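Asker: sequence and predicted structure below; questions after.
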Amino acid sequence: MLIKIGTRKSKLALWQANYLKGEIENLGLKAELVLIDSLGDIDKTSELGKLNQTGIFTKALDNALLDKEIHLAIHSLKDYPTVPPDGITITSTGQREDPRDVLVNNDVERDITASVFNIGTGSIRRKAQWKYKYKNTIFHNLRGNVPTRLEKLWDSDWDGIIMAHAGLNRLSMLNDQCTTLDWMIPAPSQGVLGISYRTDDPFIAKLTAQLQVEEVELCSQVERKFLNLLEGGCSAPIGALAKIKGDQIVFKGSLHDPNGYEAFFVEKTVDKGECLSQVSDWVNEILVAGGDKIMLKIKAQ
Ligand SMILES: NCc1[nH]cc(CCC(=O)O)c1CC(=O)O
């Protein structure tokens with residue numbers, strides 16, 4: 001049997017797809033890549049926030065799955081909606097990359113404490129978290145795949161752009177111009193790879209189970225449940241990061257006002273076995289503290 005892996009065509013997507021192909025071949029199976037264009041790849045100009053769809057990068061792959069053109073599809077899990085379409089299951093695969101964001105500096109010599117920042121990013125989460133910390137920031141919209149974004153930075157007079165460590169590292173593009181942003185709370189499941197497949201395909205279900213790392217799956221589930229319960233179908237500046245420490249899970253979650261005026265945080269350390277059932281309490285803590293007003297404002301826009 002030849003396993004068909006659906007993937008987007010960007011360099012990062014192809015790296016991820018080739019990684020998965022290698023993992024499947026290590027199990028003694030044969031695999032090939034099927035390259036598929038997504039709406040997000042075709043419309044490269046609209047601001048991501050305005051396209052207002054988690055899923056613009058994944059819909060074409062979902063359709064190919066449901067049409068049985070492919071057996072499974074590979075994603076950056078953070079780009080995949082928390083609720084898959086009917087008939088599709090999403091799961092993490094493999095180890096997690098460093099989940100953090102980095103600032104890629106245009107000029108390493110520049111004084112990072114300077115009074116005004118010009119930052120390129122299309123992410124509402126990165127904008128809100130950065131603005132909360134550095135009030136005097138001018139943002140510049142930034143879209144496109146990882147190499148394109150870096151070229152836009154080199155061609156600009158911006159101070160820097162914010163990118164996921166994971167994407168840069170996978171493409172061997174980390175260098176001394178990159179500063180890791182330890183204070184920034186990453187997107188839920190940033191740095192984790194995801195596989196989507198037809199729920200009624202037991203062969204692929206068994207295969208993906210073999211490629212799953214239990215701790216990565218648990219952390220992803222906790223972070224994505226936090227996202228799902230908090231945003232309830234719209235798209236908000238939400239961060240979440242879970243880490244395993246022995247028998248416990250250490251969780252940090254955040255909701256920011258999109259303008260960076262206000263933010264709400266939770267930090268929890270709980271037993272691994274209890275974490276998933278506690279996520280709704282953490283979400284409620286944020287809502288009751290004032291996060292509910294932020295969510296109402298976002299939903300009204
Ligand atoms: N939205 C684009 C995207 N989707 C996944 C990654 C990086 C890899 C990952 O986070 O798993 C990136 C680039 C970025 O955010 O800089």
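Answerer: Nice, I can see it. Numbering: from 1, shown residues only.

Asker: and the strands in the stretch 151-300 of the chain, which stretches?
Answerer: 160-164, 178-180, 193-198, 238-245, 248-256, 263-271 (DSSP state E, counting those that start in this stretch).

Asker: could I get those strands as TSV with mean neighbour count?
Answerer: Quick note: C-beta positions are derived from backbone N, CA and C, even for glycine. Below are the strands of the stretch 151-300 of the chain laid out as TSV (neighbours: other C-beta atoms under 10 Å):
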stretch	mean neighbour count
strand 160-164	23
strand 178-180	15
strand 193-198	23
strand 238-245	21
strand 248-256	22
strand 263-271	16
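
Asker: want to throw the ones you listed into TSV with mean pLDDT?
Answerer: Formatted as TSV, the strands of the stretch 151-300 of the chain follow (pLDDT from 0 to 100):
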stretch	mean pLDDT
strand 160-164	97
strand 178-180	95
strand 193-198	98
strand 238-245	98
strand 248-256	98
strand 263-271	98
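
Asker: just for the stretch 151-300 of the chain, where's the confidence low?
Answerer: Within the stretch 151-300 of the chain, no range satisfies pLDDT under 70.

Asker: show me what from it comes close to the ligand.
Answerer: Neighbours of the ligand within the stretch 151-300 of the chain, by C-beta under 6 Å from any ligand atom: 163, 164, 166, 167, 190, 191.

Asker: closest one to residue 85 out of those, please.
Answerer: Set against residue 85, the nearest of these by C-beta to C-beta is residue 190 (22.4 Å).

Asker: right, and the ligand sits closest to which residue of the stretch 101-250 of the chain?
Answerer: Here the stretch 101-250 of the chain gets closest to the ligand at one residue, residue 167, 3.2 Å apart by C-beta to the nearest ligand atom.

Asker: now do the contacts for that residue.
Answerer: Residue 167 makes contact with 12, 76, 146 under the criterion C-beta atoms under 8 Å, 6 or more residues apart in numbering.
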